[in-house]
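Colleague: Fold the following for me, if possible:
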Amino acid sequence: MMLYLCSYNNVGLFDWLNESGLVEQPFMLKKISSNQLDLCSFAKKEALSINYYKYLAIDLSAVTNDSDSLRTAIESIRIMNPKIRFIYVDMDNKAEALRDTIRSFGEIPVITEKPEKDISAFKTQTAEALRYTPPEKEAGKEQLEDKIPKPNNKNTKAGSEKSSREYIIESKNIMIAVLNTYPKAGATTLSINMAEYLREIGAAAAYVECSGELEHLKAIAGSVSGFTKTGDNSFERNGIIYLKNEIPEGMNFIINDLSRIIQDGTEKNALEFTANCQKIILCGTSKPYELEETENKIRILEENGCKEICLCLAFTPDSEKASLTDKFGSRRVKVYFTEYTPDMFKSKNKEIYKRILQEYILEKTDDKLVRLF
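Modeller: Next up, the predicted model:
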């Protein structure tokens, strides 16, 4: 799978790879074309989708970054996907300064031959670029590793673990709406998972069951150890507040579980509430028979003022992640792929929650505060 960031003049440069033995078939090629490509902005906006590509091809004639910001963008992308292979195109040999920056990461081949002038030389350069494997030690690697916070590796007690990294969370009353595409698509599990993650990094978090008909909270509190009843419809467990149809005050994050509430778009009060939340998470799966309903729910949310949706899909084969990102991803919809989590109080999805909430969390490293991404 290749993501190709290209100028309008070079859009079709790699189309022939769809029938080539140089790459594994079937070969998926996604193109993003622009004559004003800011790689730093791209790295920030497409942080997660980068994970699903083996190759990232960059047409340097479209890049607007200077050498320093290009280095920052490359380092950021390599942090997000350490295994990604870069392919660079400079047909007119106009990006020598940028190529100096690229060489600081290793002797990465740059494609300079134009196919219309010498197709054989062009394909030879492309083959070299595809086969290039970065050395174990590269110039620039120390700078990359310096940007990755080192864990503290402190021993913690089971059930009361805290993150070994330090975080600063100053935001208050951040409202998060979590919805299902289908019943039992995972909204309740994700909501409690996220609350546990926030507790681990030191945030004050609350879970709110918003449905008046469902009794998930009561059933969970009655069957899982550690819950303490604090009121008629409220509980506490491991520092997390659990409530039924009640919004608490003074929390950093309030996670509102809207399981089964929004069905066909007629639930105007619930949709208005959802649109006013700072984060909207739509839970679904990648099962083919559910994808149409996923599209329908996204449409309902967008038509009712939801400006940004985090779509979390479970049970997704690696081979389908790129196509589903293409299908659903847009300026308004960010696509994430979650791991199966049978225990709602333990999660493999912490990195996803970190990305969804990155704008509200500062991580402290080497006595400095840095944004997560």
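
Colleague: any idea how far M344 lies from Y4?
Modeller: 40 Å (C-beta to C-beta, to the nearest Å). All C-beta spots, glycine's among them, are computed from the backbone N, C-alpha and C.

Colleague: Of the two, give the one with the bigger neighbour count.
Modeller: Using other C-beta atoms under 10 Å as the criterion, M344 and Y4 rank with Y4 on top: 24 against 17.

Colleague: From what I see, that one and G12 are in contact.
Modeller: No: if you go by C-beta atoms under 8 Å, Y4 and G12 don't touch, sitting 10.0 Å apart.

Colleague: where in the stretch 1-150 of the chain is pLDDT low?
Modeller: 46-49, 94, 135-150 (pLDDT under 70).

Colleague: Strands along that one, start to end?
Modeller: 2-6, 29-33, 55-59, 85-89, 110-111 (DSSP state E, counting those that start in this stretch).

Colleague: got those strands as TSV, with distance to D318 columns?
Modeller: Putting the strands of the stretch 1-150 of the chain into TSV (distance: least, C-beta to C-beta, whole Å) gives the following:
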stretch	distance to D318
strand 2-6	15
strand 29-33	16
strand 55-59	15
strand 85-89	17
strand 110-111	27
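
Colleague: Please verify my assumption that M1 contacts Y55.
Modeller: Yes: between M1 and Y55 there is a contact under C-beta under 8 Å: 7.3 Å.

Colleague: anything in contact with each of these two?
Modeller: Common contact partners of M1 and Y55 (C-beta atoms under 8 Å, 6 or more residues apart in numbering): none.

Colleague: do you know how far E116 is from Y88?
Modeller: 19 Å.

Colleague: quick one: which of those two has more around it?
Modeller: Y88 (20 against 8).

Colleague: how about the nearest residue to that one, chain neighbours excluded?
Modeller: For Y88, ignoring the flanking residues on the chain, the nearest one in space by C-beta to C-beta, 6 or more residues apart in numbering is V110 at 4.6 Å.

Colleague: can you count the residues close to the closest residue to K321 other than its chain neighbours?
Modeller: Once flanking residues are discounted, K321 sits nearest to Y52: 4.4 Å by C-beta to C-beta, 6+ apart. Counted with other C-beta under 10 Å, the neighbours of Y52 add up to 24.

Colleague: if I look at Y52, how far off is N81?
Modeller: From Y52 to N81 the distance is 9 Å (C-beta to C-beta).

Colleague: residue ranges for the helices of the stretch 201-350 of the chain, please.
Modeller: For the stretch 201-350 of the chain, applying DSSP state H, counting those that start in this stretch gives helices covering 216-223, 268-275, 288-303, 318-328, 350-356.

Colleague: I'd like the ones you listed written out as CSV, with distance to F105 and mean pLDDT added.
Modeller: Output for the helices of the stretch 201-350 of the chain, formatted as CSV (distance: least, C-beta to C-beta, whole Å; pLDDT from 0 to 100):
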stretch, distance to F105, mean pLDDT
helix 216-223, 49, 91
helix 268-275, 43, 95
helix 288-303, 38, 94
helix 318-328, 24, 84
helix 350-356, 24, 88
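
Colleague: ok, and the closest non-adjacent residue to T189?
Modeller: Going by C-beta to C-beta, 6+ apart, T189 has M344 as its nearest residue, at 4.4 Å.

Colleague: Now do that neighbour against I58, distance only.
Modeller: M344 sits 41 Å away from I58, going by C-beta to C-beta.

Colleague: now V178
Modeller: V178 is 36 Å from I58, by C-beta to C-beta.

Colleague: can you check S69 too?
Modeller: 14 Å.

Colleague: So which of those two has more stuff around it?
Modeller: I58 (27 against 16).
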